[in-house]
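Engineer: Generate coordinates for the sequence data below:
(4 chains)
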Protein chains: 2
Amino acid sequence: MTISEENYIKVIYHLAQVSPKGVSTNAIAGTLDTKASSVTDMLKKLADKNWVSYQKYQGVSLTESGLQKAKMIVRKHRLWEVFLVEKLGFAWDEVHEIAEELEHIQSEALISKLDDFLGFPTVDPHGDPIPNAKGEMVKEERIVLSEAPLHQAYRFIGVKDSSAGFLQYLDKQQIALGATIIIQEREDFDASLSVLINDKVLSLSQKIAENLFVKQG
Amino acid sequence: MTISEENYIKVIYHLAQVSPKGVSTNAIAGTLDTKASSVTDMLKKLADKNWVSYQKYQGVSLTESGLQKAKMIVRKHRLWEVFLVEKLGFAWDEVHEIAEELEHIQSEALISKLDDFLGFPTVDPHGDPIPNAKGEMVKEERIVLSEAPLHQAYRFIGVKDSSAGFLQYLDKQQIALGATIIIQEREDFDASLSVLINDKVLSLSQKIAENLFVKQG
DNA sequence: AAATAAATTTAGGCAAATCTAAAAATAGTT
DNA sequence: AACTATTTTTAGATTTGCCTAAATTTATTT
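Structural biologist: Reported below is the predicted structural model:
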């Protein structure tokens, strides 16, 4: 499997989370920053190799074997992110690009030993689940803060948007994974929230709140 | 710099250690397992980019900037090998192929933090020196065991041949880096050696002895 | 239901890195 | 010095992954 093929499979996997009935050519082109015609070319190749099922004009979805491949790429990406943050001391907003390269390293043994070395983590530094060697992962029950009811204690367990900009905003506000959040008030006008995070009062815009995954407790 | 360009630069660097006046097209082709015509093509590209000086039919050598690039690739390769052995628990005969992939990961920050994490090692698991961030490395005074005089205490500090086969032979004989070696006798007939390694008597063929780097003490 | 817009595919090309086969240059040998 | 063998380069093709421009299909409006 070439790096390019891996990138397509991975992107299709991620886009399929949002549109499970079929991923569009344009969506892939947008994500990979290529042209739609290039995507069409590649989809034919991927279909020939049986990693996607593809019908002209009808979008594309992963086959069982494509899905497995995708999960292994995601597994590698997230394990490397844990390594970069936990062992090398990178900040959580610095690791994505490096992991994009590392995820294409081919050795099975490497990933297995890395997993062991890291203590078999189940989530990456952004709270995303890490598939195990079989591709299984625990999807924690979680909601976005913007939809959580008032006056309940929540734990901040993941980000929806993991762009450097958003992560740096959270750093600046000292909002870290594991923080306890209680919504005190929701503004009718702009849906912004007044919250108590680790006993400090903060105001969060709707856009921020939409990108914070929380769970009860 | 593409992965292919990096591989050429690295191979030229290694071959230049043996033939410093100019590396031949065929030697490169042999090492990279490609055809001479492919090498010629690439040498033109590398010369255009000023990483090698190349004159038709006269072989090739690295420019100052090519040499610097080569050292950074070697640095990355060897640091990753240390990581694989010291942190992930790979054997010294298992790491070469994986490091061949890892050496092409592009982040400066990654290598700098990896170096730090590993405690700024100066040699890799095979005893080869690791260039620092500036490209400097300490070349330890060393000789091959086959040329060492009798009855002196030597320390085994590196292998000349780092193929898996040779390394596995050394494992089987329990000859590890750091071992103390004293030559008791050199056979006239086949130049084989009777040696004392960590107080055990062993017989080493000339071919073995030629591939063991030792230093006095 | 046409007409227009948007999305997708096809056709034809390009650059990188490789190849084979033939030509040219260098090295080795009688 | 001439001939042969070896090495190296050139010429022309191939594959992968991408592109532009044009054609086609699907979706959206009037």
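Engineer: which residues sit against the host helix or strand of A:Val39?
Structural biologist: A:Val39 belongs to helix A:36-48 when assigned by DSSP states H and E. Contact with helix A:36-48 is made by A:4-5, A:8-9, A:25-26, A:28-29, A:32, A:52-54, A:60, A:66, as judged by C-beta atoms under 8 Å, 6 or more residues apart in numbering or on different chains. Placement of C-beta: from N, CA and C, glycine included.
Engineer: any bit of it sitting next to DNA strand C?
Structural biologist: Yes. Under the criterion of C-beta under 7 Å from any atom of the strand, DNA strand C is reached by helix A:36-48 at A:Ala36, A:Ser37, A:Val39, A:Thr40, A:Asp41, A:Leu43, A:Lys44.
Engineer: Produce a ChimeraX select command limited to the buried residues of the contacts of helix A:36-48.
Structural biologist: This is the ChimeraX syntax for the buried subset of these, where burial follows 16 or more other C-beta atoms under 10 Å in any protein chain shown:
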select /A:8,9,25,28,29,32,52,54,60,66
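Engineer: DNA strand C: which of the contacts of helix A:36-48 is nearest?
Structural biologist: The closest of these to DNA strand C turns out to be A:Asn26 (C-beta to the nearest atom of the strand; 2.9 Å).
Engineer: so who does that closest one touch?
Structural biologist: So A:Asn26 contacts A:Ala36, A:Val39 (C-beta under 8 Å, 6+ apart).
Engineer: Kindly report the same for A:Val123.
Structural biologist: Per C-beta under 8 Å, 6+ apart, neighbours of A:Val123: A:Arg78, A:Pro129, A:Ile130, A:Ile157, A:Gly158.
Engineer: ok, and for the helix holding A:Val39, which residues are buried?
Structural biologist: Applying 16+ other C-beta under 10 Å to helix A:36-48 flags A:Val39, A:Thr40, A:Met42, A:Leu43, A:Leu46, A:Ala47 as buried.
Engineer: Would you mind giving these as JSON lines with pLDDT and distance to A:Phe120 added?
Structural biologist: Formatted as JSON lines, the buried residues of helix A:36-48 follow (pLDDT from 0 to 100; distance: C-beta to C-beta, whole Å):
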{"residue": "A:Val39", "pLDDT": "98", "distance to A:Phe120": "36"}
{"residue": "A:Thr40", "pLDDT": "98", "distance to A:Phe120": "40"}
{"residue": "A:Met42", "pLDDT": "98", "distance to A:Phe120": "34"}
{"residue": "A:Leu43", "pLDDT": "98", "distance to A:Phe120": "35"}
{"residue": "A:Leu46", "pLDDT": "97", "distance to A:Phe120": "31"}
{"residue": "A:Ala47", "pLDDT": "97", "distance to A:Phe120": "35"}
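Engineer: Kindly tell me how buried A:Glu210 is, as a neighbour count.
Structural biologist: Close neighbours of A:Glu210, defined as other C-beta atoms under 10 Å in any protein chain shown, add up to 15.
Engineer: how close does it sit to chain B?
Structural biologist: Computed as C-beta to the nearest C-beta, to the nearest Å, the A:Glu210 to chain B distance reads 31 Å.
Engineer: before we move on, what about A:Arg186?
Structural biologist: 41 Å.
Engineer: Quick check: that residue vs DNA strand D, distance?
Structural biologist: 32 Å (C-beta to the nearest atom of the strand, to the nearest Å).
Engineer: Quickly find the element holding A:Ser194.
Structural biologist: Here A:Ser194 is assigned to strand A:193-197, by DSSP H and E.
Engineer: so which of the contacts of helix A:36-48 also contact DNA strand D?
Structural biologist: Okay, of the contacts of helix A:36-48 touching DNA strand D (C-beta under 7 Å from any atom of the strand), that's A:Ser4, A:Glu5, A:Leu32.
Engineer: is it fair to say the first one lies in a helix?
Structural biologist: Yes. Secondary structure of A:Ser4 (DSSP: H, G, I helix; E, B strand; the rest coil): part of a helix.
Engineer: So for it, what's the pLDDT?
Structural biologist: Model confidence at A:Ser4, given as pLDDT, is 97.
Engineer: and the gap between the residue nearest the centre of chain A and A:Gly158?
Structural biologist: Nearest to the mean C-alpha position of chain A, by C-alpha atoms, centre = their mean, lies A:Asp128 at 5.5 Å. Between A:Asp128 and A:Gly158 the computed distance is 6 Å (C-beta to C-beta, to the nearest Å).
Engineer: on that earlier part again, next up, the contacts around the residue nearest to the centre of chain A.
Structural biologist: So A:Asp128 contacts A:Arg78, A:Gly158, A:Ser162 (C-beta under 8 Å, 6+ apart).
Engineer: Counting only helices, which of the residues you listed make the cut?
Structural biologist: If you go by DSSP state H, the contacts of A:Asp128 have A:Arg78 in helices.
Engineer: Can you select the buried ones among the contacts of A:Asp128 for me in PyMOL?
Structural biologist: The buried residues among the contacts of A:Asp128 can be selected in PyMOL (16+ other C-beta under 10 Å) with this line:
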select buried, chain A and resi 78+158+162
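Engineer: any chance of the contacts of A:Asp128 in CSV, plus pLDDT?
Structural biologist: Formatted as CSV, those follow (pLDDT from 0 to 100):
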residue, pLDDT
A:Arg78, 98
A:Gly158, 98
A:Ser162, 95
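Engineer: Most widely separated two among the contacts of A:Val123?
Structural biologist: Taking C-beta to C-beta, the two most distant members of those are A:Arg78 and A:Ile157; they sit 14.8 Å apart.
Engineer: still on that earlier bit, can I get the contacts of A:Asp128 in TSV with distance to chain B?
Structural biologist: Listed next are these as TSV, based on distance: C-beta to the nearest C-beta, whole Å:
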residue	distance to chain B
A:Arg78	17
A:Gly158	24
A:Ser162	18
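Engineer: In CSV: the contacts of A:Asp128, plus distance to B:Asp171.
Structural biologist: Listed next are those as CSV, based on distance: C-beta to C-beta, whole Å:
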residue, distance to B:Asp171
A:Arg78, 34
A:Gly158, 45
A:Ser162, 44
